[in-house]
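*Asks:* I need the structure of the sequence given here:
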Amino acid sequence: MPKPKSKEELLNQSQENYRALMQLIDSYSKEELSMEFPKGTLNRNVRDIITHLHQWHLFFLAWYKVGMKGEKPDMPAKGYTWQMLPALNNKVREDFKNVALEEALKDLKRSYKKVQKITMDHSNEELFEKKRYKWTGSTSLAAYLIANSSSHYTWAIKQIKKAKK
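*Replies:* Just a heads-up that it's a prediction; the model follows:
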């Protein structure tokens, strides 16, 4: 699927991919949803995938809040660099390992709505103009939204399907 080039495409792709993810999850039985993924995968089950998505929504929301004030956000998270993503993602998994899938899905839905609202609140230019905001560096706000929504939902779908084969 090509990367969105307009606000409408960004919203549609994010909504479609999120809906596809939820439909996939709904298609599994409770037993299938609680099964462990094959050894060697970072995320060990569907809950891990869902909490991963939720936490990355929260990361984005924090970056946005700080960045839009003209300040420099801790990206990807305080104490981590982009080169440390495996360690950060391991920490995310550990932090959420005791959260029930039902609660994780509610959390994801709430954070998804907040990310969608940010997209809706901006114009095409505000979303897609590179270097518009100091905190997004040489890229656009849309690039961060795509990475933390539509592309991430596609990743999640692939991970779940691969693990369930």
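
*Asks:* And Gln116, how close does it get to Met68?
*Replies:* 17 Å (Cβ to Cβ, to the nearest Å). Yep, even glycine has a C-beta here, placed from its N, CA and C like the rest.

*Asks:* neighbour count winner among those two?
*Replies:* Comparing Gln116 with Met68 by neighbour count (other Cβ atoms under 10 Å), the higher total belongs to Gln116, at 18 against 14.

*Asks:* okay, now Pro76: neighbour count?
*Replies:* Residues near Pro76, counting by other Cβ under 10 Å: 18.

*Asks:* any idea how far it is from Ser149?
*Replies:* Separation of Pro76 from Ser149 (Cβ to Cβ): 16 Å.

*Asks:* tell me, how many neighbours does Ser149 end up with?
*Replies:* The burial count for Ser149: 27, using other Cβ under 10 Å.

*Asks:* That one: what's it in contact with?
*Replies:* Listed by Cβ atoms under 8 Å, 6 or more residues apart in numbering, the contact set of Ser149 reads Ser14, Asn17, Tyr18, His57, Tyr112, Val115, Gln116, Thr119.

*Asks:* Just the buried residues of the least confident helix or strand in the chain by mean pLDDT, please?
*Replies:* Least confident element among the helices and strands of the chain, by mean pLDDT, DSSP states H and E: helix 30-34 (a mean of 92). For helix 30-34, burial by neighbour count (16 or more other Cβ atoms under 10 Å) applies to Leu33.

*Asks:* got it, and stretch 132-140?
*Replies:* Across stretch 132-140, burial judged by 16+ other Cβ under 10 Å covers Tyr133, Trp135, Thr136, Ser140.

*Asks:* For Gly70, see how far away the second one is.
*Replies:* The reference is to Trp135. Counting by Cβ to Cβ - Trp135 and Gly70 are separated by 8 Å.

*Asks:* what about the residue sitting furthest away from the middle of the chain, distance to Met68?
*Replies:* The centre of the chain is farthest from one residue, Glu31, which by Cα atoms, centre = their mean lies 24.9 Å away. Glu31 sits 44 Å away from Met68, going by Cβ to Cβ.
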